[in-house]
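# Predicted coordinates and the sequence they were generated for:
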Amino acid sequence: MKATWNGATLAESDETVVIEGNQYFPAESIKREHFQPSETQTHCPWKGEASYYNEGHVAFWRGVKVE
């Protein structure tokens, strides 16, 4: 799978995990030059806490093309 945004490849991996129809990429597969650390955290009732760079997998929000 490959995640792209505005022509840039954000992540690429053959080992994604699908949860609720979303592709989750292994954290080591993201292209770090396109990201910066964030203190933002979110909570899902069944997936738990989500933090940037602290969890095992990464998913992308609207506008990022995953195919």
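Received, thanks.
# wait, doesn't K31 sit right on A11?
Yes. The criterion here is CB atoms under 8 Å, and K31 meets it with A11 at 6.5 Å. No exception for glycine: its C-beta is placed from N, CA and C like everyone else's.
# More neighbours: these two, which one.
Between K31 and A11, counted using other CB atoms under 10 Å, the more crowded position is A11 (25 against 12).
# Now do the same for the more buried one: helix, strand or coil?
strand (DSSP: H, G, I helix; E, B strand; the rest coil).
# what's the answer for E28, then?
Classification of E28 using three-state DSSP returns helix.
# any chance you could map the strands in this structure?
If DSSP state E is used as the criterion, the strands of the chain fall at 2-5, 8-12, 17-19, 22-26, 41-44, 48-51, 57-58, 65-66.
# Now do the buried residues in the first one.
Residues of strand 2-5 classed as buried by neighbour count (16 or more other CB atoms under 10 Å): A3.
# ok, it: who's next to it in the sheet?
strand 8-12 (antiparallel), strand 65-66 (antiparallel) (DSSP bridges).
# repeat for the third one
Take DSSP bridges as the rule and strand 17-19 pairs in its sheet with strand 22-26 (antiparallel).
# Mean confidence (pLDDT) on the strand it pairs with, please.
For strand 22-26, mean pLDDT rounds to 93.
# export that strand as CSV, just CAs?
The C-alpha coordinates for strand 22-26 follow below in CSV (Å, rounded to 0.1, in the frame of the first residue of the first chain):
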residue,chain,number,x,y,z
ASN,A,22,-8.7,2.2,7.1
GLN,A,23,-5.2,1.1,6.2
TYR,A,24,-2.8,1.4,9.2
PHE,A,25,0.9,1.6,8.2
PRO,A,26,3.8,0.4,10.4
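# how distant is that strand from the center of its chain?
Strand 22-26 sits 6 Å away from the centroid of its parent chain (CA atoms, centre = their mean, to the nearest Å).
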